[in-house]
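Engineer: When you get a sec, could you give me coordinates for this:
(one chain, ligands or ions: 2)
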Amino acid sequence: MESKSIILIGGPDSGKTNYLARLWPSFQRKKGELRADKTPTDISYVDSAVEHLMMGEFAPRSDRNLEVGRADFSIDVRAGFGNGELRSLMIPDISGELWTKAVATSEISTEWLNLLQESEGAVLFVRHASDQTIQPLDWVTARSVLNLLSGDDSEIEDDTNGEPADLAEPPIESQEQAIPTQVLLCELLRYLSTFLADRADGSAPKVSVVIAAWDMIGPELRAEGPRKYLAQEFPLFAGRLACESRLSIKIFGTSIVGGDLNDDPDFKATYFDRHITDHGYVVVQEPDRVQTVDDITLPIAWAIGT
Ligand SMILES: Nc1nc2c(ncn2[C@@H]2O[C@H](COP(=O)(O)OP(=O)(O)O)[C@@H](O)[C@H]2O)c(=O)[nH]1
Ligand SMILES: [Mg+2]
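Structural biologist: Ligands and ions are numbered 1, 2, ... in the order given. Here you go, the predicted structure:
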């Protein structure tokens, strides 16, 4: 039987691999609203990522074994605690750079186009505190770039005693090509809005927007919830989400183990006290309030719907 897909996408370093790794133990323990229909045979892609989590570290983004040359990867799943209809969770082999290229050239390959048209929902990742997030040029940055372009360095303060000044900005070429993350997200959403299929009952496709590494956000902004977070940190994208007319959208924050394994020794010290499925949470943006739930599968379960 042909089953419709839900696709999981996002830019580089947006938390996709680690999230998938964390799903695994939940599938095995049959915890959560989303269940794997059967364990896929080739799970080497997720396996090594799960191993990292089990050892008390995040799967590093540069782990080439996890990304390069892998094929499209999909898992058969059912929402509704395993009682829902069969769906395929598709993690396409589309690197961040390829998405960036598609956005830069406004050309999407036939393969991805088919993939989008065969999907009736999506989970779109963005991550807090990623050093891969590209900010648009603001007036401060623009000023130094203009100085560089004009070749007139008289405006750049010379406090280096004759040594060449450290240039804070990357080379011009790479700046020209760098598409701000928010623009990329808006374009991805446009692709989803244009090409995702209607659901079987004729209703609009559902898109979960996931803010990964929710635990790294400062307590004040965290208390405001996912929608306010986006409005503050990704205002252009937040505006785009607010005026989307076709898709049904819900915003989530995820913390796959409930803390930061990289930079929080106190958290790491207690990490092994409990099983991994007892770690982690999802913050759900409801229309009028914010809810915290300990089911990490929720963003996918919601996108699949009932
Ligand atoms: N603190 C924290 N960091 C996370 C979380 N999820 C991902 N990260 C960080 O984000 C990095 C990139 O995640 P990854 O899954 O490789 O992103 P991908 O490139 O989209 O597959 C990881 O190496 C972690 O450092 C989370 O829930 N909490
Ligand atoms: Mg990855």
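Engineer: Now the phi/psi pair for the spatially closest residue to residue 38 that is not a sequence neighbour, please.
Structural biologist: Leaving aside its sequence neighbours, residue 38 sits nearest to residue 76 (C-beta to C-beta, 6 or more residues apart in numbering; 6.4 Å). Every residue, glycine included, has its C-beta placed from N, CA and C. With angles defined as degrees, to the nearest 10, residue 76 sits at phi -80, psi 130.
Engineer: Residue 19 too?
Structural biologist: According to degrees, to the nearest 10, residue 19 has phi -60, psi -50.
Engineer: Give me the neighbour count for it.
Structural biologist: 24 (other C-beta atoms under 10 Å).
Engineer: That one contacts residue 211, correct?
Structural biologist: No: when contacts are counted by C-beta atoms under 8 Å, residue 19 is not listed as touching residue 211 (11.3 Å).
Engineer: shared neighbours of the two, anything?
Structural biologist: Common contact partners of residue 19 and residue 211 (C-beta atoms under 8 Å, 6 or more residues apart in numbering): residue 254.
Engineer: Do you have the helices of the stretch 151-300 of the chain handy? List them.
Structural biologist: Secondary structure of the stretch 151-300 of the chain, counting by DSSP state H, counting those that start in this stretch: helices at 172-177, 181-195, 219-224, 226-233, 235-242, 265-271, 298-304.
Engineer: and the ones you listed, which is most packed in?
Structural biologist: Between the helices of the stretch 151-300 of the chain, helix 298-304 has the highest mean count of neighbours, a mean of 25, where neighbours are mean count of other C-beta atoms under 10 Å.
Engineer: May I have that helix exported as PDB, CA atoms only?
Structural biologist: Extracted as PDB, the C-alpha positions of helix 298-304 are listed here (Å, rounded to 0.1, in the frame of the first residue of the first chain):
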ATOM      1  CA  LEU A 298       4.900  15.000  19.600                       C
ATOM      2  CA  PRO A 299       6.000  17.300  16.700                       C
ATOM      3  CA  ILE A 300       5.800  14.400  14.300                       C
ATOM      4  CA  ALA A 301       2.600  12.900  15.800                       C
ATOM      5  CA  TRP A 302       0.900  16.300  15.400                       C
ATOM      6  CA  ALA A 303       2.100  16.700  11.700                       C
ATOM      7  CA  ILE A 304       0.700  13.300  10.900                       C
END
